[in-house]
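Student: Please find the sequence and the predicted model below.
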Amino acid sequence: MTILLVLLLIYFIRKQFKFDEVKRIYILIIPAFSIIMFLIRFEPSENNFIILAIIALISAAISWFQAQFTQVRIDTELDKYGRKKAQIKGGWPYLLGWVLVFSTEIILIWTQTGKLNIFETLSSDLRLELFEFSRFSSNESEWFIWALSGFTAYFYSLWLRLKHPDIKNALRNRHTV
């Protein structure tokens with residue numbers, strides 16, 4: 001298991017230094033799904049609202065940092081819907097942000113549940129990063145994990161779309177061609 005985890009980590013790191021096509025699943029669907037799951041599992045209390053505010057601030061700050069340094073390349077080639085293809089590459093700033101989000105997740109798990117299994121958490125996070133569809137079958141039950149994941153992904157996509165309007169155009173509805 002440790003060898004597989006190391007191989008996945010190496011693959012994930014290398015992937016951040018290559019341009020990858022912007023897809024709706026990453027920029028729109030996964031953030032929306034994660035936020036919906038957070039809303040379903042959130043248990044309102046004064047303490048949870050404070051934790052939620054902290055999570056939102058941390059997510060916004062980290063994702064802003066990641067988006068500021070994300071490289072964007074717009075192809076002249078059109079996809080099958082007539083949209084220009086956009087590609088992004090996160091590099092070291094994205095990886096640093098990912099490590100900060102992972103560290104925040106570890107701290108949240110430890111402070112909220114009293115449990116801590118770094119390898120299990122790392123394995124789960126890598127699986128979710130590399131196999132996006134696995135998010136839809138994930139059995140994460142803690143609302144704060146869904147909040148951290150959802151807000152970070154939402155803010156990252158928001159900052160990218162604000163900074164690079166071409167990304168917004170690449171994601172537009174195919175019927176508006």
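Tutor: Noted; the coordinates are in hand.
Student: Measure how far the longest strand along the chain is from the centre of its chain, please.
Tutor: In the chain, assigned by DSSP state E, the strand with the most residues is strand 71-78. Distance, stretch centre to chain centre, for strand 71-78: 21 Å (C-alpha atoms, centre = their mean, to the nearest Å).
Student: export it as PDB, just CAs?
Tutor: Coordinates of each C-alpha in strand 71-78 appear next as PDB, following Å, rounded to 0.1, in the frame of the first residue of the first chain:
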ATOM      1  CA  GLN A  71      -0.700  29.200 -16.000                       C
ATOM      2  CA  VAL A  72      -3.400  29.300 -18.700                       C
ATOM      3  CA  ARG A  73      -3.000  28.500 -22.300                       C
ATOM      4  CA  ILE A  74      -5.900  29.000 -24.800                       C
ATOM      5  CA  ASP A  75      -5.700  27.000 -28.000                       C
ATOM      6  CA  THR A  76      -6.900  28.300 -31.300                       C
ATOM      7  CA  GLU A  77      -8.300  24.900 -31.900                       C
ATOM      8  CA  LEU A  78     -12.100  24.600 -31.200                       C
END
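Student: where along the protein do the helices fall?
Tutor: 2-15, 24, 30-41, 46-69, 91-113, 118-130, 143-163, 165-171 (DSSP state H).
Student: Buried residues of the longest one, list them for me.
Tutor: Counting neighbours by 16 or more other C-beta atoms under 10 Å, one finds that the buried residues in helix 46-69 are 51-52, 55-56, 58-60, 62-67. The way it works is simple: take the backbone N, C-alpha and C, and place the C-beta from them, glycine included.
Student: The third one too?
Tutor: Of all the residues in helix 30-41, those buried under the rule 16+ other C-beta under 10 Å are 30-31, 33-35, 37-38.
Student: Save those residues as TSV, and put in distance to S45 and pLDDT too.
Tutor: Formatted as TSV, these follow (distance: C-beta to C-beta, whole Å; pLDDT from 0 to 100):
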residue	distance to S45	pLDDT
I30	27	85
P31	25	90
F33	24	89
S34	21	89
I35	19	94
M37	19	89
F38	15	93
